[in-house]
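>>> starting from these lines, generate the structure:
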Amino acid sequence: MFKKIRNAITSQLATALLYRLIRAYSWTFCIKVENEDDWLTYLENGGSVLICIWHQQFFPAIRFFKKYEKYNPSLMISKSKDGEIIAGVAKRSGWHPVRGSSSRGGRDALHGMIDRFKKSRLSAHVVDGPRGPAGVVKAGVISMAHTTGAMTVPLYTSADKAWYMNSWDTFILPKPFAKITLSFGEMIKFEASQNREGFEKQRLQLEKIMRPELKSS
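Residues are numbered from 1 along each chain as shown. Next up is the predicted model:
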């Protein structure tokens, strides 16, 4: 019991320190935001918005996403050990982490996301999940869009100076004092499909829209 308590405390302290480090590091960035007004106005007027991003590109957005804390938004995060850390950072940024992924606890997590989404009307989703493959949109985002009636809004991030990690997605870590661009795409409405073929067509449509914005080193 003592060991479990000690591990929990240590984990919380580590996550708190990591969050502070990320915030301090991110404050060196010069951030430019494009095409935010349309979907934000839609949200403020009672609409629901699902922000979609590639796993490769989420780090540059962490500091800026604190802005949306007042909407009590949610974000699906895997149940892995890495996911535990990311969930702690997300929570401190004002985002409610719903734990699960396509490979582990995905169905329950998707239901949890939808339940929260209906109340808060703002969620974000990493479309290729925690393990990829890179550039492949998972089906969960379309299911969420259908069930909630939300507008789907792609988000792309880029940096003029960055390191590209040797990972499955070529994860982007901007260098200190980098110029960051957060660019929101146009709102997309996915009407509920009555068959698997229509569902797959919508998934491929979103993939076709977002894939050209993947970065390479």
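>>> now the strands for this structure?
Ranges of strands in the chain, per DSSP state E, are 30-34, 49-53, 74-77, 96-99, 122-126, 151-159, 162-164, 172-174, 179-184, 188-189.
>>> just for this structure, where's the confidence low?
Scanning the chain with the threshold set as pLDDT under 70 gives 1-10, 79-83, 100-108.
>>> what are the ranges of the helices in it?
Remark: helices assigned in the chain by DSSP state H are 2-26, 37-44, 81-92, 106-120, 140-148, 196-210.
>>> do you know which of these lies nearest residue 176?
Among these, the nearest to residue 176 by Cβ to Cβ is helix 2-26 (7.1 Å). Quick note: C-beta positions are derived from backbone N, CA and C, even for glycine.
>>> what sits against residue 137?
Taking Cβ atoms under 8 Å, 6 or more residues apart in numbering, we find residue 137 in contact with 52, 127, 128, 203, 204, 206, 207, 210.
>>> just the buried members of those residues?
Buried positions within these, assessed by neighbour count (16 or more other Cβ atoms under 10 Å), are 52, 127, 128, 203, 206, 207, 210.
>>> and residue 57, which of the helices of the chain is closest to it?
Among the helices of the chain, the nearest to residue 57 by Cβ to Cβ is helix 196-210 (10.0 Å).
>>> for the closest one, what is the distance to the chain centroid?
Centre-to-centre, helix 196-210 and its host chain are 19 Å apart (Cα atoms, centre = their mean, to the nearest Å).
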